[in-house]
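Visitor: Predicted model, plus sequence, below.
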Amino acid sequence: MRTFRSCATLSTRSFCHTVIIVSRQSLLLALAAIIAFGGCLWGSFHFDDYSMFSRDLWRPLETRPLTYLTFWMNAKLGGQNPFGYHAVNFALKHPDIVTHCVSMSGAFDIHQFLDGYYDNDCYFNNPPDFVPNLSDDWFLSRYRKMKIVLASGEWDMCLDQNVKMSHLLNGKSVPHWLDVWGDHTSHDWPFWQRMVGKYF
């Protein structure tokens, strides 16, 4: 990837723009990833998910324990909406490719769903744990350039987690917008549809 910066002056105003040139292979890889996995950010559970999620998902001895752990966390954190958690978790792990992050009713602390289980995978997928301990300027400098929105409703069951995440970001001097919606906004699709209209 190469970056060029050029500036020009028009009358008394000057303006600059940055042109980023990304290799064709990088663009194709990013496009393929978005096509393959983009739908998981806002898609609900469907098909055989219902039979799977109708029984206990906490099965650490299954053949795919990490897979079941992520299924279980998604069901517990977001109900039918895994978007908020995935958006923030992905953005915090990949600030080199994410420039904007909008979380709608996100729940970020997975401890309550682990029933005492905890390892490095849990730590690095639990922003309330790894963000306070983060001191690597490579991450922090990129977080500070990112446009982050934490949206929640005044009656949303995840409001407290968004307020706590906002506090953690403030502690790292990461600019963001904690947008708490009034009008009895809760944790439900009609409100998320309104949020999509506002933020996108």
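Guide: Great, that's in hand. Numbering: from 1, shown residues only.
Visitor: pLDDT below threshold where in this structure?
Guide: 1-24, 26-27, 29-30, 33-34, 36-85 (pLDDT under 70).
Visitor: what ranges do the helices span in it?
Guide: Ranges of helices within the chain are 24-37, 49-53, 65-78, 83-93, 120-124, 127-133, 137-143, 159-171, 189-199, based on DSSP state H.
Visitor: mind listing what's buried in the fifth one?
Guide: Going back to what we said before, that points to helix 120-124. Cys122 (16 or more other C-beta atoms under 10 Å). Where you see a C-beta, it was placed from the backbone N, CA and C, and this is true even at glycine.
Visitor: Leu178 is in contact with Val163, correct?
Guide: Yes: look at Val163 against Leu178 with C-beta atoms under 8 Å: they come within range, at 6.9 Å.
Visitor: tell me, what's touching those two both at once?
Guide: Common contacts of Val163 and Leu178, defined by C-beta atoms under 8 Å, 6 or more residues apart in numbering, comprise Ser152.
Visitor: how near is the residue nearest to Lys172 when sequence neighbours are not counted to Cys158?
Guide: Nearest-residue entry for Lys172: Leu140, 6.0 Å, with adjacent residues in sequence omitted and distances by C-beta to C-beta, 6 or more residues apart in numbering. According to C-beta to C-beta, to the nearest Å, Leu140 and Cys158 sit 25 Å apart.
Visitor: Which one's more surrounded, the two?
Guide: Looking at Leu140 and Cys158 with other C-beta atoms under 10 Å, you find the greater number of neighbours at Cys158, namely 26 against 15.
Visitor: what about the nearest residue to the more buried one once chain neighbours are set aside, neighbour count?
Guide: Using C-beta to C-beta, 6+ apart and skipping the chain neighbours, the partner closest in space to Cys158 is Ala107 (4.5 Å). Here the count is done by other C-beta under 10 Å, and Ala107 has 28 residues near it.
Visitor: quick one on the thing from earlier: the more surrounded of Val163 and Leu178?
Guide: Leu178 (17 against 13).
Visitor: Hmm, that one is touching Asp160, no?
Guide: No: the pair Leu178 and Asp160 fails to qualify as a contact (C-beta under 8 Å) at a distance of 11.9 Å.
Visitor: The closest residue in space to Gly153 that isn't next to it in sequence and Leu168, how far apart?
Guide: Leaving out its chain neighbours, the residue that sits closest to Gly153 by C-beta to C-beta, 6+ apart is Thr185, at 2.8 Å. According to C-beta to C-beta, Thr185 and Leu168 sit 23 Å apart.
Visitor: With neighbour numbers in mind, choose between the two.
Guide: The neighbour count for Thr185 versus Leu168, taken as other C-beta under 10 Å, is higher for Thr185 (21 against 17).
Visitor: mind listing what that one touches?
Guide: Contacts for Thr185 were tallied using C-beta under 8 Å, 6+ apart; they are 152-156, 191.
Visitor: and the two most separated of those?
Guide: Pairwise distances across those (C-beta to C-beta) peak at 10.5 Å, for the pair Glu154 and Phe191.
Visitor: of these two, who's got more company?
Guide: Under the neighbour definition other C-beta under 10 Å, Glu154 and Phe191 were set side by side, and Phe191 has more, 21 against 12.
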